[in-house]
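Student: coordinates for the following, if possible.
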Amino acid sequence: MGKKKTLTGALLTAAIMTVAGCSGQGAVSGETATAPADPGDASGAIKVLTHRTDLVQNGTMDKYAAEFNKIYPKVKVKFEGLTDYEGEVKIRMNTDDYGDVLMIPAAVAKNDYPKFFAPLGSAGELGDKYRFSDKAEVGGKIYGISTFGTANGFLYNKAVWKKAGITDWPATPKEFVDDLKAIESRTDALPYYTNFKDGWPLTAWSNNIGSVTCDAKANDKLAGPVSPWKQGSDLHTIDSLLYDIVEGGLSEKDPNTTNWEASKDMVARGKVATMQLGSWAITQMQAAAEKAGTNPDDIGFMPFPARKDGKYCAILASDYQQAVNVHSDHKTAARAWVDWFTEKSGFPATEGAVPALRSAPMPDTLDDFVDNDVTFLERSEAKTGAVNAIDNAAEIGLNKPDYRQKLVDTARGAQDGSLEDFLADLDKRWNEAAGTVGS
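Tutor: Predicted coordinates for the structure are as follows:
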């Protein structure tokens, strides 16, 4: 993963308006992309658009296609990896030509999914089979199936934490900060790394919404003038922890110099002790350790430092959802690929990710969570559309790095203000926006 370029300003607005159907793309039949009853029923050439340029370039996706063709020999799969996936796909969606299978871009409003993607089945049918299906549910139909999901928490170097004398996971934000202070005083490692410059890692903090209060519907409950950053809320706890880490001098001195790719090696070598990330990052850090000649088993993953009734909770959130272009001439073949990639490819396990298929086991990367009875909660997406509308109107960006970059700058004194004033301003803007767009 890495920093993604995005459209901004008037160009972004124009793109989203067009994607919402202003170019006349709205009139479609809604024909279901039905799974083939027999592998021989699927045929034709399909193009799969993906953000995983690395897997296209190193031949991994072609290997998946070769395995797919052992079952579906009449389907030819071509991949196109897009570096600026979001920006490029939004522009392509001004036409009918945006691949046969694609990852649903974030800019497409959820209620507009039927205009651009073929329904895959009913919410009841697919919801019982797949995790995260409600993220792509509109009017009782599902328009996308998750490639995989991720648990959120803190990736850490076990050897560094052990050297600091820490043997148990912190159970509160204060304990977490105290542990970072112990790492600072007892080791040569930087206790915490923000990945400020790349920006996107800061957005992962929002995936802890619900983990703090052990509430799978916590994100849905933001849909209204509810003061999301009030004392005791998930977001107050999450952003206060980040603020306290930075204010305490426990992160890099100049966050403008951070580097995502370099941070993998720093964690692997024990130069950095801790980073807040999704569980998808575990395998990447383990690979970095192997490359550095250090022990991959030193790469650990811990839940957010909060417990309810003595137990930790971890929200499971969806990654990109695979969808079938409503204009595709080969919907059956496209659906065959989506189903095979989700259920048979082994991709989630290889990535160390949470499988969308409910019957599949949790990945080995989350063994520590399973062994320590961490409660997994699938994040409800029932009111994501309303929450996103408020967020956009408030110009905060729960899933963008900007406001947390400002939070970091405030904590380190590069920007005037206090934590209390900063969070109060967010609440004010959120509540005003909720009154404008409704819930």
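Student: quick one: the helices in the stretch 101-250 of the chain?
Tutor: Here the stretch 101-250 of the chain has its helices, by DSSP state H, counting those that start in this stretch, at 113-116, 123-129, 158-163, 173-186, 200-203, 234-247.
Student: rank those helices by pLDDT, which is bottom?
Tutor: Ranked by mean pLDDT, the helices of the stretch 101-250 of the chain end with helix 200-203 at the bottom, a mean of 90.
Student: hey, C-alpha coordinates of that one in PDB?
Tutor: This file holds the C-alpha atoms of helix 200-203, laid out as PDB (Å, rounded to 0.1, in the frame of the first residue of the first chain):
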ATOM      1  CA  TRP A 200      -3.100   7.400   4.700                       C
ATOM      2  CA  PRO A 201      -1.900   5.400   7.800                       C
ATOM      3  CA  LEU A 202      -3.500   8.000  10.000                       C
ATOM      4  CA  THR A 203      -6.900   7.200   8.600                       C
END
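Student: what's it packed up against?
Tutor: Helix 200-203 is packed against strand 274-278, helix 402-411, with contacts defined by 3 or more C-beta pairs under 8 Å, 6 or more residues apart in numbering; DSSP states H and E. Just so you know, the C-beta spots here come from the backbone N, C-alpha and C atoms, and that holds for glycine as well.
Student: let's have the ones you listed in a markdown table, adding distance to residue 180 and mean neighbour count.
Tutor: Shown next, in a markdown table, are the helices and strands packed on helix 200-203 (distance: least, C-beta to C-beta, whole Å; neighbours: other C-beta atoms under 10 Å):
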| stretch | distance to residue 180 | mean neighbour count |
| --- | --- | --- |
| strand 274-278 | 7 | 24 |
| helix 402-411 | 14 | 20 |
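Student: quick check: which of the ones you listed is nearest to residue 425?
Tutor: helix 402-411 (9.9 Å; C-beta to C-beta).
Student: contacts for that closest one?
Tutor: Helix 402-411 is contacted from outside by 194, 196, 199, 202-203, 205, 239, 242-247, 251, 255, 396-397, 415-419, 422, 426, using C-beta atoms under 8 Å, 6 or more residues apart in numbering.
Student: okay, the angle between it and helix 234-247?
Tutor: In terms of direction (axes from the mean of the first three to the mean of the last three C-alpha atoms, to 10 degrees), helix 402-411 departs from helix 234-247 by 40 degrees.
Student: tell me the average confidence for helix 402-411?
Tutor: 97.
Student: just stretch 36-47 next, same as before
Tutor: So the average pLDDT for stretch 36-47 ends up being 94.
Student: now that stretch - C-alpha only, CSV.
Tutor: As requested, the backbone C-alpha atoms of stretch 36-47 are provided in CSV (Å, rounded to 0.1, in the frame of the first residue of the first chain):
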residue,chain,number,x,y,z
PRO,A,36,-22.8,-20.0,-13.5
ALA,A,37,-24.6,-23.3,-12.7
ASP,A,38,-21.8,-25.1,-14.5
PRO,A,39,-18.2,-23.9,-15.1
GLY,A,40,-18.8,-24.5,-18.8
ASP,A,41,-21.5,-21.8,-18.7
ALA,A,42,-19.0,-19.1,-18.1
SER,A,43,-17.1,-17.8,-21.1
GLY,A,44,-15.6,-14.7,-22.7
ALA,A,45,-12.8,-12.3,-22.0
ILE,A,46,-13.1,-10.1,-18.9
LYS,A,47,-11.0,-7.3,-17.6
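Student: next, the buried residues of that stretch.
Tutor: For stretch 36-47, burial by neighbour count (16 or more other C-beta atoms under 10 Å) applies to 36, 42-43, 46-47.
Student: now swap in stretch 243-254 and tell me
Tutor: Buried positions in stretch 243-254, judged by neighbour count with 16+ other C-beta under 10 Å: 243-248, 250-252.
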